[in-house]
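Colleague: With the input below, show me the fold.
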Amino acid sequence: MAESEMIVIKAELGAVREAREFVGLVFGGWGLTDYVARTVVSELAASAVVHGCGGEGHVIVRAYRREDGIPVVEAWDRSDAAPLVRPVTYGVECGRGLLIVEGLVRRWGTRPLNEGGKVVWAEIDPVPA
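Modeller: Prediction:
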């Protein structure tokens, strides 16, 4: 990986703003537009806080560019449970985050962490600023 940046946020929904601002700064430093990346990291970090940490501990957010220049954003949490893309259901107010992510990114996925927990990642199309 040529370029990689990381931030640790509290497992609180209010801290998701820090992840969004962090990714905006990183993408800006790379000369890329940040709208999609900020939206995606908001969903990944919020999901990590709610489902992966239960509101306790910390979430690691990382942004990096692969050798081919494709930017990737990640959220690391302590849950081993795989994230689920839930169908759109009338009247449900949550659970659509990964559906949004799926529509915005090249691809996304998860990988386990050796020490327990998982990383949820998303590849973003690089669009010059």
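
Colleague: Return the helix or strand in the chain with minimum mean pLDDT.
Modeller: helix 97-104 (a mean of 87; mean pLDDT, DSSP states H and E).

Colleague: Tell me where the protein has strands.
Modeller: 3-10, 58-65, 71-77, 107-112, 118-123 (DSSP state E).

Colleague: one step back: and the least confident helix or strand of the chain, what does it pack against?
Modeller: helix 35-47, strand 107-112 (3 or more CB pairs under 8 Å, 6 or more residues apart in numbering; DSSP states H and E). C-beta coordinates here come from the backbone N, C-alpha and C atoms, glycine included.

Colleague: As a markdown table, those with distance to Glu123 would be great.
Modeller: Below are the helices and strands packed on helix 97-104 laid out as a markdown table (distance: least, CB to CB, whole Å):
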| stretch | distance to Glu123 |
| --- | --- |
| helix 35-47 | 10 |
| strand 107-112 | 5 |
